[in-house]
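[1] my questions are about this predicted structure, shown below with the sequence.
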Amino acid sequence: MRLYHGTNIDFDVIDLGKSNKYKDFGQGFYLTDIRSQAEELATKKAKLFGGNSIVQEYEFNEDLLKKSDLQILRFEAPNIEWAEFIFKNRNRESHFSHQYDIVIGPIANDGVAYLLGRYKEDTISLEELSRKLEFKHLNSQYYFGSEKALAYLQRI
């Protein structure tokens with residue numbers, strides 16, 4: 001399977017320590033199987049932070065998702081468990097961490113911080129949060145959160 005990473009700076013070595021701790025699935029390396037999505041992210045990063053719009057390509061053997069020593073969590077669609085997992089990972093007041101090597105699922109929409117705040121204030125339910133976080137466009141994200149998982153990515 002081909003995966004893509006949109007960035008504004010090219011690099012050869014993935015350093016998990018450089019990634020943001022409060023992303024949807026936690027601190028890790030994020031990719032997508034949709035090239036246009038990676039291109040859009042690369043363009044956005046280059047405009048915001050300078051540099052060039054770069055899409056890195058990786059090969060990943062998806063058979064490993066079925067049989068390997070990796071701890072994998074997959075969300076097929078936005079649902080309550082997905083919304084709660086995102087809330088825990090993005091909550092800067094808690095010290096949530098998980099043991100998954102790879103997490104796969106939809107990307108939350110651009111109003112995530114606002115919606116998570118409303119959930120935290122108890123003005124919307126977890127069910128409503130889940131429904132409102134659903135992105136309206138086709139998207140996906142693959143989180144690689146351990147050196148063990150990164151070892152299975154081959155840059156091309």
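    That came through, no problem.

[2] contacts for stretch 118-136, please.
    Outside of stretch 118-136, the residues within contact range by Cβ atoms under 8 Å, 6 or more residues apart in numbering are 77-80, 82-84, 86-87, 91, 106-109, 111-112, 115-116. For glycine as for every other residue, the C-beta is placed from the backbone atoms N, C-alpha and C.

[3] so which of the residues you listed sit within helices?
    Helix and strand membership here follows DSSP state H; of the contacts of stretch 118-136, those in helices are 80, 82-84, 86-87, 112, 115-116.

[4] what pLDDT does residue 113 get?
    Residue 113 is assigned a pLDDT of 67 by the prediction.

[5] likewise for residue 135?
    What the model reports as pLDDT for residue 135 is 56.

[6] show me which residues of the longest helix along the chain are buried.
    The residue-count maximum for a helix in the chain (DSSP H) belongs to helix 35-49. Residues 37-38, 40-43, 45-46 are the ones in helix 35-49 that count as buried (16 or more other Cβ atoms under 10 Å).

[7] element containing the closest residue to residue 56 other than its chain neighbours, please.
    In space, and not counting its chain neighbours, residue 56 is closest to residue 5: 4.4 Å by Cβ to Cβ, 6 or more residues apart in numbering. Under the criterion DSSP states H and E, the helix or strand holding residue 5 is strand 2-7.

[8] can I get that strand in CSV? Just the C-alpha atoms.
    Output for strand 2-7, consisting of C-alpha atoms alone and laid out as CSV, is shown next (Å, rounded to 0.1, in the frame of the first residue of the first chain):
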residue,chain,number,x,y,z
ARG,A,2,1.3,3.5,-0.8
LEU,A,3,1.1,6.1,1.9
TYR,A,4,1.8,9.8,1.7
HIS,A,5,3.1,12.5,4.1
GLY,A,6,2.7,16.2,3.3
THR,A,7,5.4,18.5,4.7
